[in-house]
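>>> sequence isn't available, so here's the structure alone:
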């Protein structure tokens, strides 16, 4: 089963695509913005994502951080975004495994939602001119859509 997180419904009439605000995550603009915002950076982890509440260095669960973070530490923001993206990739990989029933993925969806909420609290604290504001917003939109599609039943029984 191929997972589509673009909001398209199979069999529906094609919609006119909206005009993109930026080059997206595949364009050179994304890479330049990310590099300038991060500077030298080493990946946090390799392989499968750590379990929720895992090793030291993992951010606390959603709800521990204040909702109105006034100054956001870029390293923590990037770590939270990487965690959300790793969880989303893991979720999509599990969806591709046809031996797993979609209802068995509920713990992954709950965990992904918790990490999304944590990233969202960072996002709310970003100033409008922060170089990662649009990128983090796009990540949150994608995760929100994936979670919504799961709860709507788009991924099977």
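Alright, I've got the coordinates. Given the structure is predicted, the values throughout are model-derived calculations rather than measurements. Residues are numbered from 1 along each chain as shown.
>>> what is the longest helix that the chain contains packed up against?
Counting by DSSP state H, the longest helix found in the chain is helix 74-96. Applying 3 or more CB pairs under 8 Å, 6 or more residues apart in numbering; DSSP states H and E, we find helix 74-96 packed against helix 28-38, helix 106-124, helix 133-152. Just so you know, the C-beta spots here come from the backbone N, C-alpha and C atoms, and that holds for glycine as well.
>>> mind putting the ones you listed in TSV, distance to residue 85 and mean pLDDT included?
Putting these into TSV (distance: least, CB to CB, whole Å; pLDDT from 0 to 100) gives the following:
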stretch	distance to residue 85	mean pLDDT
helix 28-38	12	63
helix 106-124	9	94
helix 133-152	6	94
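>>> go through those and pick out the most buried.
For the helices and strands packed on helix 74-96, average neighbour numbers computed from mean count of other CB atoms under 10 Å are highest in helix 106-124, which has a mean of 18.
>>> now do it: which elements does it pack against?
By 3+ CB pairs under 8 Å, 6+ apart, helix 106-124 packs against helix 74-96, helix 133-152.
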